[in-house]
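In: Please find the sequence and the predicted model below.
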Amino acid sequence: MTAQKGDQDPSAGAVPAEELQAQFPDIRLPIKPPFPPMEARNAARLPESGHWFYEPKWDGFRGLAFRKDNEVLLQSKAGQPLGRYFPELIEALQKLPQKQFVLDGEIVILSGGHLDFNALLQRIHPAESRIRRLSRETPVTFLCFDLLVDAKGKLLTDQSLGHRREALEEFFEEVPKGAGVRLSPATPTFATAERWMGNLATVGFDGVVAKRIDEPYHSGDRNGMVKVKRLRTADCVIGGFRYATKGKFVGSLLLGLYDEQGKLNHVGFTSSFKAEDRPKLLKTLEPFITDDKALGFSGNAPGGPSRWSTERSTEWVPLRNKLVCEVQYDHFSGGRFRHGCKFLRWRPDKEPSQCTYEQVIPGTAGDLEKLLAA
C-alpha cells in the first residue's frame, strides 16, 4: 500500500464508523470518532484584511488525537485509525499529563532540520515489525494546532479560534519538552506569515493556512479557512532530453543538479510545453547535443521509461551542460523531484555550476527549529 502527499489520506481500507467506535468503547468524550476535521479552501494569496490568524501548512499526515484515561485513538482525516502506523505517538499521547482531550494536528518526521515526507511514507506499511523498527529509527512528531476538547472534558468546537488557541497554549504549558507532541506556531501578523512562505523554502514547509480568528471549528467543511501552497522553484541544468513518442519533437527535458563532488545527477524532468513551441525548443537544444552521455550527466544518469508515460522511449539525447532553466516543483525527496516539473523560464544569467542541491535540501536546522521553539 502506498500513501500520497498533501491532502491524501494515508490509512488503508475503510472502517465503518460504528466499527471504529467499537474498537475504542472507553473513549467517551463530547465528540466521538470518526469526527470530520475542519478543512481549507485553496487560495492564490494569503488574505490580509479582516480577522485572520496564520499557521504553517506542514508536509505530513493530518490527524485527530482522542484520549480518555488510557485509551488513545489516532484518527486520519478520512476517519480511519492511524495508531498502528505510529505506535511511538500513541505512547507519547498516553504519557501526557492530561487524561482526556481531543487534539487536531499534523503528523510529521523531523530529520536533519527539515520535514522528511519520504520517511513518513515508509511508515504506512503492513508489516508490524518494520513499523516498530522505523518508529525507533525515525520517530514522528505531532504538531498540534487546535484543541477540540480540553483536559476537563469541555467541548470547544463552538468557541472562536481565538479562544481555542488560548486554551491550546495553556494545554501545552503542562506538556513536557521532548514529548513528541508539540505546539504548532501561529501568528496574527500578516508580515510574519509572508516571511514563513519565503524563509522556510527548503525545510519541507508546504505553505501557510489562514483561519478566521472569530470563527468556531467548522467540522467537515471549508468555511473560515484558506490555504496557500508555497511556490517551490529551482534552477536546473538541462543534461539531456527525450524525443516525443510521435514526431521529431522534444518530449521532455531532463533536469540535473550538481552534488558536492561536482557530479551532475539526473533529478527529474519537465514536459510542460505547448505543442507549437516544441519545434522551436529543438532548435534551441541542437547546438548542445553530444554523443557522450557522460557529458550529459556525469553522476546518476536517466534510467528506463518514465513511469508517467510507459510508451516513451528509454533512449535520451545528452546535452553539454550549458543550458539552465527554472522549474516549479511540488516536492523533492529520495534525490529527485517527486513529479514532473513545470517549466517556467530559461536562465541565461545563471551559471550551471550554481545549480546545486542546496536549493532543494536544507543545510541546517536553523529556521525550522527557531520557528518550533518560538
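Out: Cool, the structure landed.

In: ok, for residue 192, nearest residue in space, not its chain neighbours?
Out: residue 54 (7.0 Å; C-beta to C-beta, 6 or more residues apart in numbering). Glycine gets a C-beta too; all of them are placed from N, C-alpha and C.

In: Please report how far the one you found lies from residue 112.
Out: Relative to residue 112, residue 54 is positioned 26 Å away (C-beta to C-beta, to the nearest Å).

In: Residue 319 too?
Out: Going from residue 319 to residue 112 by C-beta to C-beta gives 33 Å.

In: Which of those two has more residues huddled nearby?
Out: Counted by other C-beta atoms under 10 Å, residue 319 and residue 112 do not tie: residue 319 has more neighbours, with 24 against 11.

In: Can you give me every residue that contacts that one?
Out: 238, 239, 240, 241, 285, 288, 289, 290, 296 (C-beta atoms under 8 Å, 6 or more residues apart in numbering).

In: Quick one: neighbours of residue 276, just the number.
Out: Applying other C-beta under 10 Å, we find 7 residues neighbouring residue 276.

In: end to end, how far does stretch 77-94 reach?
Out: In stretch 77-94, first residue to last residue: 21 Å (C-alpha to C-alpha, to the nearest Å).

In: what's stretch 345-365 in contact with?
Out: Applying C-beta under 8 Å, 6+ apart, the contact partners of stretch 345-365 are 112-114, 202-204, 232, 234-237, 256-259, 321-326, 329, 332, 368.

In: hmm, back to that, could you tell me which of the contacts of residue 319 belong to strands?
Out: Among those, the members falling in strands are 238, 239, 240, 241 (criterion: DSSP state E).

In: will you turn these into TSV that also has neighbour count, pLDDT and distance to residue 48?
Out: TSV is the format used below for the ones in strands among the contacts of residue 319 (neighbours: other C-beta atoms under 10 Å; pLDDT from 0 to 100; distance: C-beta to C-beta, whole Å):
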residue	neighbour count	pLDDT	distance to residue 48
238	24	98	38
239	29	97	42
240	29	97	44
241	26	95	42
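
In: What is the nearest of those residues to residue 265?
Out: residue 239 (8.7 Å; C-beta to C-beta).

In: dump the residue contacts of that closest one.
Out: Residue 239 neighbours (C-beta under 8 Å, 6+ apart): 254, 255, 256, 264, 266, 296, 297, 318, 319, 321.

In: Show me how the protein divides into domains.
Out: 17-230, 232-359 (automatic domain parsing).
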